[in-house]
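Colleague: All I have is the shape, not the residue letters:
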Ligand SMILES: [Zn+2]
Ligand SMILES: [Zn+2]
């Protein structure tokens, strides 16, 4: 079979697997689990993959709900990883649609395993827990789980269909100010007001904002602000997220933000503790060659891309970290109307809607077809890697 015939066969196989793929998505949706507690979801996905002949390894990288499912094709290389996410959000359930991500990756991999093993290299599904703030992929990268993988792909539910969306680096930073309490009316001169440290930090950051490049986001809340109006607060704290589009500038901005707090501490005569989050999400590094292949496949099965710029509506994800290590794509697909956005109850409903489910199946096809192109055209792989290196 040539590549086009293979693609038609794989599309037919995904249609045959349709009830199973939809069931995976529905089951995971029906039992939302938070970061690092996705036991049911990883059970559901791995038992499906095991039934389709994959070799399963659970608890990889020391994470109990992470897994790999692999199948070796006739040719040795390349190794294509389908990334699965499956964590949900507190209170909102599957309001980011991760139930569909696992189903797409498992469905595409199973179709290839069943029909295209003769033309394939290594097909591997990597189950990555805790995308929502837990940084599961970062831990798996550190443990070497992605070593030997040539290309990674996944597809994420969204309010729009777009092959490339940029993402910002982000880190979580908490400033805690320590002062000295005192009666706020009788002995204010004996006190050191920790809340002043927080308020000045907030205002310093607002002044800093004007002097920063575009594509920077700094946003925060006051988490501790004192106990009563007649007590000078001896302790106050604020927590911020700092985001930028590139890693070099990220370090510079982070230092400037810390200086805002240091200056505030000096002015308010407080002690300052700075706690920077244990890990940072890195910006997304697009791969235009691999994205182009995906786009062609998407078009060929009738999925239209929305005309929305790469830098519109930028968030952050640990897929950013992976995209810095190996060529990665993270196309988004609409599962409802444009005003139905991620992290809302409406989005959670769209994640099992008829329209959303039909889109999920189409994306499963586009993902499988893209992997076939990668397996069948070694020169494309070279081009993808050349672009990645530059
Ligand atoms: Zn999300
Ligand atoms: Zn998400």
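Modeller: Yep, that arrived. For clarity, every value in this text was computed on a predicted model and none was experimentally measured. Numbering: from 1, shown residues only. Ligands and ions are numbered 1, 2, ... in the order given.
Colleague: gap between the residue located most distally from the centre of the chain and residue 166?
Modeller: Centroid-distance maximum for the chain: residue 186 at 52.5 Å, with Cα atoms, centre = their mean. Using Cβ to Cβ, to the nearest Å, we find residue 186 at a distance of 55 Å from residue 166. The way it works is simple: take the backbone N, C-alpha and C, and place the C-beta from them, glycine included.
Colleague: And for residue 99?
Modeller: 25 Å.
Colleague: Residue 313 too?
Modeller: Per Cβ to Cβ, residue 313 is found 10 Å from residue 166.
Colleague: Looking at the two, which is more packed in?
Modeller: residue 166 (18 against 15; other Cβ atoms under 10 Å).
Colleague: dump the residue contacts of that one.
Modeller: Contacts of residue 166 were listed using Cβ atoms under 8 Å, 6 or more residues apart in numbering, and they are 245, 283, 284, 286, 310, 311, 314.
Colleague: quick check, nearest of these to residue 92?
Modeller: residue 314 (21.0 Å; Cβ to Cβ).
Colleague: Skipping its backbone neighbours, what lies nearest the closest one in space?
Modeller: Computed as Cβ to Cβ, 6 or more residues apart in numbering, the closest residue to residue 314 that is not its neighbour in sequence is residue 168, at 5.1 Å.
Colleague: re the thing from before, mind checking which of the contacts of residue 166 land in helices?
Modeller: The helices, defined by DSSP state H, take in nothing from the contacts of residue 166.
Colleague: of those residues, closest to residue 390?
Modeller: residue 286 (12.5 Å).
Colleague: Look up how far residue 329 lies from residue 107.
Modeller: 17 Å.
Colleague: These two: who's more crowded?
Modeller: residue 107 (32 against 28).
Colleague: hmm, back to that, whichever of the contacts of residue 166 end up buried, select them in PyMOL.
Modeller: Remark: buried members of the contacts of residue 166, expressed as a PyMOL selection using 16 or more other Cβ atoms under 10 Å:
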select buried, resi 245+283+284+286+314
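Colleague: Export the contacts of residue 166 as JSON lines, with columns for pLDDT.
Modeller: Converted to JSON lines, the contacts of residue 166 look like this (pLDDT from 0 to 100):
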{"residue": "245", "pLDDT": "95"}
{"residue": "283", "pLDDT": "96"}
{"residue": "284", "pLDDT": "97"}
{"residue": "286", "pLDDT": "97"}
{"residue": "310", "pLDDT": "96"}
{"residue": "311", "pLDDT": "94"}
{"residue": "314", "pLDDT": "93"}
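Colleague: Let me have the contacts of residue 166 in TSV, extended by distance to residue 198.
Modeller: Formatted as TSV, the contacts of residue 166 follow (distance: Cβ to Cβ, whole Å):
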residue	distance to residue 198
245	28
283	29
284	32
286	38
310	36
311	32
314	27
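Colleague: Would you confirm that residue 188 contacts residue 182?
Modeller: Yes. Between residue 188 and residue 182 there is a contact at 6.6 Å, judged by Cβ atoms under 8 Å.
Colleague: List the residues that contact residue 236.
Modeller: Residue 236 neighbours (Cβ under 8 Å, 6+ apart): 176, 177, 179, 194, 195, 197, 198, 222, 224, 225, 226.
Colleague: Name the helix or strand for it, please.
Modeller: strand 235-244 (DSSP states H and E).
Colleague: Ramachandran coordinates for the residue nearest to residue 314?
Modeller: For residue 168, the backbone dihedrals are phi -100, psi 150 (criterion: degrees, to the nearest 10).
Colleague: what element comes up after the strand holding residue 236 heading to the C-terminus?
Modeller: Past strand 235-244, the next helix or strand by DSSP H and E is helix 247-268.
Colleague: what pLDDT does residue 133 get?
Modeller: For residue 133, the pLDDT comes out at 85.
Colleague: Am I right that it is in contact with residue 34?
Modeller: No. Applying Cβ under 8 Å as the test, residue 133 and residue 34 come out as separate, 9.6 Å apart.
Colleague: so where do the helices sit in the stretch 1-150 of the chain?
Modeller: All helices of the stretch 1-150 of the chain, identified by DSSP state H, counting those that start in this stretch, fall at 3-30, 39-51, 98-115, 136-142.
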